[in-house]
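Peer 1: would you be able to build a 3D model of this:
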Amino acid sequence: MNRKTRRIAKLIFFVAVVLIAGNVYASYRNDISAYNDRIEDLDRQLEVQKNYSKELDAAGDEYMSQENVVRIARETLGLVKSGEKFFKNYNDNQ
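Peer 2: Next up is the predicted model:
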């Protein structure tokens with residue numbers, strides 16, 4: 001091969017390497033963008049779940065107070081404390 005042919009071959013090789021590297025770089029940029037979008041979506045979902053967890057904790061605290069436990073036991077389950085007298089009205093339609 002003469003000098004001119006070698007020079008053209010080197011130039012074609014260099015251009016091919018640059019084009020391939022550019023294509024790979026663009027592909028990685030697209031992947032990174034998609035991953036960043038997914039991370040943002042997951043962060044939003046995590047924030048929603050944290051807020052929901054806080055609401056559940058607050059509701060649990062409300063229902064777990066001693067007064068509410070006693071009230072629920074009396075109203076819902078019909079329980080009475082030891083030593084209390086209970087009168088049931090059988091004429092009620094409830």
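
Peer 1: could you use CA atoms for every contact and neighbour count after this?
Peer 2: OK.

Peer 1: F13: neighbour count?
Peer 2: Neighbour count for F13, taken as other C-alpha atoms under 10 Å: 12.

Peer 1: tell me the secondary structure for it?
Peer 2: The local conformation at F13, judged by DSSP: H, G, I helix; E, B strand; the rest coil, is helix.

Peer 1: give me the element R44 is part of.
Peer 2: Applying DSSP states H and E as the criterion places R44 in helix 3-63.

Peer 1: how far off centre is that helix?
Peer 2: 19 Å (C-alpha atoms, centre = their mean, to the nearest Å).

Peer 1: could you give the mean pLDDT of it?
Peer 2: Regarding helix 3-63, the rounded mean pLDDT is 91.

Peer 1: ok, now stretch 73-93?
Peer 2: 77.

Peer 1: could you check how far that stretch is from the centre of its chain?
Peer 2: The chain centre lies 44 Å from the centre of stretch 73-93; the measure is C-alpha atoms, centre = their mean.

Peer 1: now do the buried residues in it.
Peer 2: Residues of stretch 73-93 include none that count as buried (16 or more other C-alpha atoms under 10 Å).

Peer 1: next one: stretch 3-16
Peer 2: Of the residues in stretch 3-16, none is buried (16+ other C-alpha under 10 Å).

Peer 1: how much space between the residue lying closest to V80 once chain neighbours are set aside and S65?
Peer 2: Among residues not flanking V80 along the chain, R74 sits closest, at 6.2 Å (C-alpha to C-alpha, 6 or more residues apart in numbering). To S65, R74 is 14 Å away according to C-alpha to C-alpha, to the nearest Å.
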